[in-house]
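Novice: only geometry, no sequence info:
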């Protein structure tokens, strides 16, 4: 009986670890597209034009994996969000290879001045991606 419970626990643990560190498929780490990202497909690559506040990572979307970090994040999230909202924007182009291994590369990044709007820069970068400017970067 205890052996069956252990096997079930071990199988669940293995599948969870495989899911968290799966580098293939749509849910692959280290890059997870956000709702605000602009997605463009060109040839064997997907491009994402992404805007994040300075201090955030452009090409990663890691979640806290241990309980103490998660609790600290939840307790301090309001304060962190207020601090983050005052930071200037970074706008960049992230290229993801679609075949086989999902190689992720930031091919262009611009840090805006405090108070500068991100929308015009995002539109400009979308045009540059569509023109093929980052295909060989």
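Specialist: Noted; the coordinates are in hand. Please read these numbers as outputs of a predicted model, since none were measured by experiment.
Novice: what does stretch 47-58 contact?
Specialist: 31, 33-34, 36-41, 84-85, 87-96, 106-107, 109, 111, 118, 121-122, 125-126, 129, 134 (Cβ atoms under 8 Å, 6 or more residues apart in numbering). Glycine gets a C-beta too; all of them are placed from N, C-alpha and C.
Novice: Quick one, which of those residues are buried?
Specialist: Buried subset of those (neighbour count, 16 or more other Cβ atoms under 10 Å): 31, 37-38, 40, 89-96, 106-107, 118, 121-122, 125, 129, 134.
Novice: Just the ones in strands from those residues, please.
Specialist: 38, 40, 89, 90, 91, 92, 93, 94, 95, 96, 106, 107 (DSSP state E).
Novice: residue ranges of the strands in this protein, please?
Specialist: According to DSSP E, the strands that the chain contains are 38-42, 45-53, 89-97, 104-111.
Novice: nearest to residue 73, of those strands?
Specialist: Of all the strands of the chain, it is strand 45-53 that lies closest to residue 73, at 16.0 Å by Cβ to Cβ.
Novice: Quick check: buried residues in the closest one?
Specialist: For strand 45-53, by 16+ other Cβ under 10 Å, it's 45, 46, 47, 48, 49, 50, 51, 52.
Novice: Give me the lowest-pLDDT entry from these.
Specialist: Ranked by pLDDT, those bottom out at residue 52 (86).
Novice: hang on, the earlier thing: wait, which of the strands of the chain is closest to residue 72?
Specialist: Per Cβ to Cβ, nearest to residue 72 of the strands of the chain: strand 45-53, 19.5 Å.
Novice: Quick check: nearest residue in space to residue 38, chain neighbours excluded?
Specialist: Of all residues not flanking residue 38 in the chain, residue 49 sits nearest, at 4.2 Å (Cβ to Cβ, 6 or more residues apart in numbering).
Novice: surely residue 39 meets residue 45?
Specialist: No: at 11.1 Å, residue 39 and residue 45 do not qualify as touching, with contact defined as Cβ atoms under 8 Å.
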